[in-house]
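Peer 1: Turn this into a structure:
(chains A, B, C and D)
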Number of protein chains: 4
Amino acid sequence: MNFASDNCAGAHPAIAAALAENARGFAPSYGASDLDRKVERRFNEIFGREVAVFFVGTGTAANALALTALNRPGGVTFCHRGAHVIADEGGAPEFFTGGGRLCPVDGELGRIDPQALEREIGRFPSSFVHTGQPMAVTITQATEAGTVYALDDIRAIARVCRRHGLPLHLDGARFANALVALDASPAEMTAEAGVDVVSFGATKNGCWCAEAVVFLDPERAREMPFIRKRAAQLFSKSRFIAAQFDAYFKDGLWLDIARHSNAMAARLAAHMAASQRLRLAWRPEANEVFAIMSRHDADDLAAKGAVFHPWDPSHGHHADLGTDEVLTRFVTSFATTETDVDRFGELIG
Amino acid sequence: MNFASDNCAGAHPAIAAALAENARGFAPSYGASDLDRKVERRFNEIFGREVAVFFVGTGTAANALALTALNRPGGVTFCHRGAHVIADEGGAPEFFTGGGRLCPVDGELGRIDPQALEREIGRFPSSFVHTGQPMAVTITQATEAGTVYALDDIRAIARVCRRHGLPLHLDGARFANALVALDASPAEMTAEAGVDVVSFGATKNGCWCAEAVVFLDPERAREMPFIRKRAAQLFSKSRFIAAQFDAYFKDGLWLDIARHSNAMAARLAAHMAASQRLRLAWRPEANEVFAIMSRHDADDLAAKGAVFHPWDPSHGHHADLGTDEVLTRFVTSFATTETDVDRFGELIG
Amino acid sequence: MNFASDNCAGAHPAIAAALAENARGFAPSYGASDLDRKVERRFNEIFGREVAVFFVGTGTAANALALTALNRPGGVTFCHRGAHVIADEGGAPEFFTGGGRLCPVDGELGRIDPQALEREIGRFPSSFVHTGQPMAVTITQATEAGTVYALDDIRAIARVCRRHGLPLHLDGARFANALVALDASPAEMTAEAGVDVVSFGATKNGCWCAEAVVFLDPERAREMPFIRKRAAQLFSKSRFIAAQFDAYFKDGLWLDIARHSNAMAARLAAHMAASQRLRLAWRPEANEVFAIMSRHDADDLAAKGAVFHPWDPSHGHHADLGTDEVLTRFVTSFATTETDVDRFGELIG
Amino acid sequence: MNFASDNCAGAHPAIAAALAENARGFAPSYGASDLDRKVERRFNEIFGREVAVFFVGTGTAANALALTALNRPGGVTFCHRGAHVIADEGGAPEFFTGGGRLCPVDGELGRIDPQALEREIGRFPSSFVHTGQPMAVTITQATEAGTVYALDDIRAIARVCRRHGLPLHLDGARFANALVALDASPAEMTAEAGVDVVSFGATKNGCWCAEAVVFLDPERAREMPFIRKRAAQLFSKSRFIAAQFDAYFKDGLWLDIARHSNAMAARLAAHMAASQRLRLAWRPEANEVFAIMSRHDADDLAAKGAVFHPWDPSHGHHADLGTDEVLTRFVTSFATTETDVDRFGELIG
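Peer 2: The predicted structure is shown next:
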């Protein structure tokens, strides 16, 4: 019953197999192999347009380098108060942008509120040199609260961006989970909704190590080859990432995995909704479930073999906690089984 | 007959198999798994002392972060004129150190000359603020010229370092190839010879993506967890690197691969030495062979299926080239076969 | 009636005269002149101990370089929500520290609340690499709200710092104004209260351009000569800064100017307290006075020749504003006259 | 007999007087005063076109920020081997550009050789990500060797720049000295010769602290306000720089000072040419004179009151030194008198 994180799972068997198969033979290094090229073309199909794709090794790298490509001196990037970029990346976005600032914005359940965004941007008048200058907006899809921006939500954020001439970045560490939750196409969830750059994550959704920065307008990627190389994110045996993506996209595996993970989360949430021992913090929309329980119950469930983490409620998640209660997070993945979910259901029944 | 680079090979079958086996099950992320811990302990055994080990994704990352851990404001790092850090890393060392400078030093066949090093360091008096301050020395083992520093060579460099209070870094992208060439232990080639920090590369020697920064004095690694995280080099499914290292070290696989690669290079060099069409530029000592041939022959051999690269002779390799001649590099790896080497031998016979 | 800012005044006549006198003759450059040395010794006397002093050109430079000297990878510096470093320095602290983060802390009237500080530091557990690591605390004295930390207030902040092993920096852009307000010695307000590094500002208090970073423990300044040079803040004709400081300290001129400015602020506040047209936002303690008035009155007073600025109430200054009201700031300096203050008093009478 | 450096002189009496006069009254801060605006317009007249001007505090800042405005990821700037940016700025250009590299280029007597430049640029193919990418070329006028690029020399460098799409920066720490040496206009020496950005120095030529970055195409300066602010180079009492420039330009004072300094250098050189004790290293063209003498004579002259510095002959100055000889530098300024020059002449006669 391991619900600690989708990055505690290993690799999906099909991904693992594809990687093993590709181990043979010689191929040009640094992204120049046929397989790299094939996967890059595959990204064009997936996004329904010519995009510029750059493989990198971690989600943090994808986010930090995407923002670096949008960089301006004294630049300020607006993100949700609890976003991964500001809460969990050890200062990488600030480091790679040479000191750019992340400005936290409020919003319910992990989603930036467009009015709050407007207000925060307004605090940085573009001609007033002392405060620095707005540079980009970044949203997380699915959010850190396990919720999903509806297409209209993204469009609303994009309208604020356009008004201020700011590019919109989407941190898609859980891109597939959001996509199947919305039943939307990648184009609908990104370019058509006003997104300019995507951190396209596959690691949490069944790969070992496969992340990409996708520029929906390749023109914005002009300096990216040098940005990536200088950032030590150009892999010599790049085809080990390409091979994972190749298997990931084959026959819609990526969407199948995401559907499975989301279904497991919904099943888990149903157990929680029916439980007397704990309660759902809010309704999950992707593959993360948040529950409120007493410390005693948390310890007890852990002792009985359930693995999950407490979560910081101060990130704007608006969970009403009793004095002795804790907010906890459960994450599902390709490796989560109905059996495990139901075993946990019995524990809390 | 692919001799383009050791990073054009895929992964050794044993590495590929181990990775596939480890794909199952759950494990703590970000380097906290049992396997990560086991491999870290393995590094202690290999280096014969308690070391601090940090997995990273690329050799460039290993070098850049090792130097960052040694960073000083206005810091100058001394390296060979043709070293990978200065010639092939897109400015990553300068970027990660916040603008540190790499100072090229001369030396025959890829090896820093200790007297030239002394002279260059002398140009940066430690109390003269205008020039910046010496910060570290880095050597490449095996070198970019396919040669190897003898233990005495390393000790001579280390003596210069000690005299100026500078730490000594060793870029071991081809650590194993040098080790078996010297028939030395890792401790002899590093700590006992005066090396303080090692970029320990396994990617070129049969892994997909397995690099580590090894601090022979763990005290120097105090800030490294934050340096690595901020650099986007802390991998969530870190065990995919650990699993490669685990298989790499098992039953001395890493040394067997290196011995094979070096033997293939020696065999190739023997063919060249006997050839009428081309000549060895200098005697290879690890898994890289440099040859001088006419442009016409280079084109002809390529047309017949041999893959290899021209090489820039200006990096201090001291190859005497005729007007119409080119310096070329041939690299061997686990994937190089006697058959291929001998086929090439026939071509140039 | 110019109350726009203390940096809108020029230079005090005694400072201007001293600078003119020093224009003659030759002297070693880059801080090596006798005058530079003399002023450095003067700082020792003023702080009652051996300090390390570094002249720089701007207050922003002083703050940014002081924090750089305390730098750690992924470092987080805690400051008041409305502090100059976070609100008005265009990202310089983040830039110079290579991407360090400023974490805003709440507190009444410009002063960090020690409990809020404790809480915020607690959000960055020192062993949890994902959030970054606490690096320093910085307070502004006098604050951006024109208030002053009492010695006990500083000691309370320092206790939190000590508990977490964090150095305490004091942004003394208005050091003298705070000092005379407290009737304390520099040692009492800094070293003895637990402050480790000071940005010692003289520009706002009658100089043209005279700022210094003062390390109360010179050991912390080891890398500072290189930090300053690399930051382009080592002035060739450094004696033009030294000459200003020399005159500034002579016969207590700096304290006299600060007393005058504070007295003018108190006089202005008294007029406001008696006014029917506007009200004091809170009691001033140094040389800045904040008033609340209607937009109409603000425009009217400006039309009648009073120069002052609106102020952002969102920086935690807790001014209760009516719908049509604005928060405004008035600053006094050596150049403020009783006549001007009283003329303004008549306007609002 | 102080010939140590032009930055060992103080300020010209007219500059000192103007500064003192401007100390009175109030003026908007941060470069918004009438005087700042007036001086900015004066720069337009001087350069014969609309330029973008940014005052900064040091020549190092001017160079580093000019290059930052031209910045590219992995960027490489080409400069003469002995240029101030690479030899004397403590790594500031590398720091401010976030790790940009300076690539030394050879050339006689401080001037970049256009063919050597072409060759070095050629080592960084723009599509080869591993080496980094060419970003800018910078020349020093007058050079560190006291020589001057003829207009044709600058045009030749500019042609190489244009061929590679690189902007050309001119470090004009001794702009006026070069200008009067060439009897050219600022436009002829810059925009019309192909220069894009100028570090316009006045400090060495009689000011206390007055430097400016001048963009001949204001479009290139778009991000400069934020670059300067973030670099802590936006001065609050900016008019103290403006006042110096105002006096500097008045009635051609700047050119008169430069003519005087150059004349003093020529007079000094004439004494040296006639001397039996030392010899001119090469013919001076601006206000720096290089002489070769025995160590014994150097000590003797110093003992008799002559102040001058030894100089590093390894910067490509091609001075042929005997075993016991030293290369020495003598610099003249507004403060150098005929009397002093002739006294020195007698010493070496």
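Peer 1: Walk me through the domains of chain A.
Peer 2: Annotated domains of chain A cover A:13-252, A:258-348 [automatic domain parsing].
Peer 1: Rebuild these as JSON lines, extending it with distance to residue D:195, mean neighbour count and mean pLDDT.
Peer 2: Bear in mind the C-beta positions are built from the backbone N, C-alpha and C, glycine included. Formatted as JSON lines, those follow (distance: least, Cβ to Cβ, whole Å; neighbours: other Cβ atoms under 10 Å in any protein chain shown; pLDDT from 0 to 100):
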{"stretch": "domain A:13-252", "distance to residue D:195": "23", "mean neighbour count": "22", "mean pLDDT": "97"}
{"stretch": "domain A:258-348", "distance to residue D:195": "52", "mean neighbour count": "19", "mean pLDDT": "94"}
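Peer 1: Relative to residue B:221, which of those domains is closest?
Peer 2: Nearest of these to residue B:221, taken as Cβ to Cβ: domain A:13-252 at 15.9 Å.
Peer 1: Is the closest one in proximity to chain C?
Peer 2: Yes. Judged by Cβ under 8 Å from any Cβ of the partner chain, domain A:13-252 comes into contact with chain C at A:73-76, A:87-91, A:94-102, A:123, A:129-132.
Peer 1: Residue A:236: which element?
Peer 2: According to DSSP states H and E, residue A:236 maps onto no helix or strand at all.
Peer 1: residues in contact with it?
Peer 2: Contact analysis of residue A:236 by Cβ atoms under 8 Å, 6 or more residues apart in numbering or on different chains lists A:29-30, B:5, B:7, B:58-59, B:203-204.
Peer 1: now do the same end-to-end measure for stretch A:246-254.
Peer 2: 10 Å (Cα to Cα, to the nearest Å).
Peer 1: typo on my end, it should be stretch A:97-107
Peer 2: 25 Å.
Peer 1: same thing with stretch A:73-93?
Peer 2: Span of stretch A:73-93 from end to end, Cα to Cα: 14 Å.
Peer 1: just the helices in the stretch 51-200 of chain A please.
Peer 2: Taking DSSP state H, counting those that start in this stretch, the helices of the stretch 51-200 of chain A run over residues A:59-69, A:84-87, A:92-96, A:114-122, A:151-163, A:175-182, A:186-189.
Peer 1: Which one, of these, ends up nearest to residue D:227?
Peer 2: Of all these, helix A:59-69 comes closest under Cβ to Cβ, at 16.2 Å.
Peer 1: From the chain's centroid, how far away is the closest one?
Peer 2: Centroid separation between helix A:59-69 and its chain, computed with Cα atoms, centre = their mean, to the nearest Å, is 12 Å.
Peer 1: Next one: it, is it in contact with chain B?
Peer 2: Yes. Under the criterion of Cβ under 8 Å from any Cβ, helix A:59-69 makes contact with chain B via A:59-61, A:64-65.
Peer 1: Going by contacts, tell me the helices and strands next to that helix.
Peer 2: Contacts defined by 3 or more Cβ pairs under 8 Å, 6 or more residues apart in numbering or on different chains; DSSP states H and E place helix A:59-69 against strand A:52-56, helix A:84-87, helix A:92-96, strand A:133-140, strand A:168-172, strand A:197-201, strand A:211-215, helix A:224-230.
Peer 1: Adding distance to chain D, write the ones you listed out as a markdown table.
Peer 2: Shown next, in a markdown table, are those (distance: least, Cβ to the nearest Cβ, whole Å):
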| stretch | distance to chain D |
| --- | --- |
| strand A:52-56 | 11 |
| helix A:84-87 | 19 |
| helix A:92-96 | 9 |
| strand A:133-140 | 6 |
| strand A:168-172 | 18 |
| strand A:197-201 | 16 |
| strand A:211-215 | 14 |
| helix A:224-230 | 4 |
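Peer 1: Next, format those as a markdown table and append distance to residue B:308.
Peer 2: Compiled in a markdown table, these are given as follows (distance: least, Cβ to Cβ, whole Å):
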| stretch | distance to residue B:308 |
| --- | --- |
| strand A:52-56 | 26 |
| helix A:84-87 | 44 |
| helix A:92-96 | 36 |
| strand A:133-140 | 44 |
| strand A:168-172 | 40 |
| strand A:197-201 | 35 |
| strand A:211-215 | 31 |
| helix A:224-230 | 23 |
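Peer 1: Around chain B, which positions in the stretch 101-250 of chain A sit nearby?
Peer 2: So far as Cβ under 8 Å from any Cβ goes, the stretch 101-250 of chain A lies against chain B at A:203-204, A:208-209, A:226, A:229-237, A:239-240.
Peer 1: How about residues contacting the longest helix seen in chain A?
Peer 2: Using DSSP state H, we find that the single longest helix of chain A is helix A:253-273. For helix A:253-273, contacts defined as Cβ under 8 Å, 6+ apart pick out A:3, A:6, A:12, A:14-15, A:146, A:176-177, A:179-181, A:202, A:205-206, A:247-248, A:278-280, A:283-284, A:286-289, A:291, A:330-334, A:336-338, A:341-342, A:344-345, A:348-349.
Peer 1: Now, those residues that are in strands?
Peer 2: A:278-280, A:288-289, A:291, A:330-331 (DSSP state E).
Peer 1: Quick check: closest non-adjacent residue to residue A:282.
Peer 2: Counting by Cβ to Cβ, 6 or more residues apart in numbering or on different chains, the nearest residue to residue A:282 once its immediate chain neighbours are dropped is residue A:109, at 5.8 Å.
Peer 1: distance of that neighbour from chain B?
Peer 2: 24 Å (Cβ to the nearest Cβ, to the nearest Å).
Peer 1: name the element residue A:240 belongs to?
Peer 2: Counting by DSSP H and E, residue A:240 is found in helix A:239-249.
Peer 1: Dump the domains of chain A to CSV, plus distance to residue C:297.
Peer 2: Output for the domains of chain A, formatted as CSV (distance: least, Cβ to Cβ, whole Å):
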stretch, distance to residue C:297
domain A:13-252, 24
domain A:258-348, 38
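Peer 1: which stretch among these comes nearest residue B:194?
Peer 2: domain A:13-252 (26.4 Å).
Peer 1: Centre of the chain to that closest one, how far?
Peer 2: 8 Å.
Peer 1: Tell me the one among the residues of the stretch 101-250 of chain A next to chain B nearest to residue A:322.
Peer 2: When those are compared against residue A:322 (criterion: Cβ to Cβ), the nearest one is residue A:204, at 31.2 Å.
Peer 1: What parts of the stretch 51-200 of chain A come near chain D?
Peer 2: Going by Cβ under 8 Å from any Cβ, the residues of the stretch 51-200 of chain A near chain D are A:68, A:72-74, A:98-99, A:129-130, A:132-133.
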